[in-house]
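# Generate coordinates for the sequence data below:
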Amino acid sequence: MELIAVPINARALSKCVCVEVLHSETRLERGLDHDESVIILDADGGFHAAVVDEVGFTLEDTTYRLRMGVRLPADLAAQRLSGSPMSVERSQVHEVADLLGEVRNRASDTPEGLVDIQFVS
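You can find the predicted model right below:
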């Protein structure tokens, strides 16, 4: 799992459904795949689950549209980033966190729903 830092604070990210990130603005050594799970590090040092929703290409760069999930405590983010096997109980904690992220994004269906943020530096 990859870690992607964005210059957006936690409060702004909490109102987002998706964030667009340019590959050139990341420290990734490889490209991301559609439906790949990632961790976003916000400008305040907080961690958020996300999934690559869309990958776009231009002559200059690759753009990733990341669908935001739930905010993660540091220990859950570290476990996901480590890629180490987890106990059944710990896996269930991660599943509940992901379900909470899905419920959060259902709010985007309302008129007062969440917004998209495009990050281009």
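# unless I'm mixing things up, Phe35 is touching Glu54, no?
In this structure residue 35 is Asp, not Phe. No. Taking contacts as CB atoms under 8 Å, Asp35 lies outside contact range of Glu54: 10.1 Å. From N, CA and C alone the C-beta is placed, and that goes for glycine too.
# can you give me the helices for the chain?
Ranges of helices within the chain are 10-13, 74-82, 88-106, based on DSSP state H.
# quick one: Ala74 and Phe47 touch, right?
Yes. Between Ala74 and Phe47 there is a contact at 6.3 Å, judged by CB under 8 Å.
# Would you map the strands across the chain?
2-5, 16-22, 37-41, 47-57, 62-72, 115-118 (DSSP state E).
# one step back: who's more crowded, Ala74 and Phe47?
Phe47 (22 against 10; other CB atoms under 10 Å).
# hey, what's the spatially most central residue of the chain bridged with?
Taking CA atoms, centre = their mean, the centroid of the chain lies closest to Ala50, which sits 2.4 Å from it. Counting by DSSP bridges, Ala50 forms beta bridges with Val38, Met68.
# Now do the same contact list for it.
4, 19, 37-40, 66-69 (CB atoms under 8 Å, 6 or more residues apart in numbering).
# Could you report the pLDDT at it?
Ala50 is assigned 92 on the pLDDT scale.
# just the one 3 residues further on next, same as before
Asp53 carries a pLDDT score of 93 in this model.
# Check Asp98 too.
68.
# try Leu114
49.
# next one: Ile117
Looking at Ile117, its pLDDT is 52.
# what's the answer for Lys15, then?
pLDDT recorded at Lys15 is 81.
# What residues of stretch 22-38 count as buried?
Neighbour-count burial for stretch 22-38 flags 22-23, 26, 28, 32, 38 (criterion: 16 or more other CB atoms under 10 Å).
# Where does pLDDT dip in the chain?
86-88, 90-121 (pLDDT under 70).
# gap between the most far-flung residue of it relative to its centre and Leu22?
Largest separation from the mean C-alpha position in the chain: Leu59, at 24.8 Å (CA atoms, centre = their mean). Distance, Leu59 to Leu22, using CB to CB, to the nearest Å: 13 Å.
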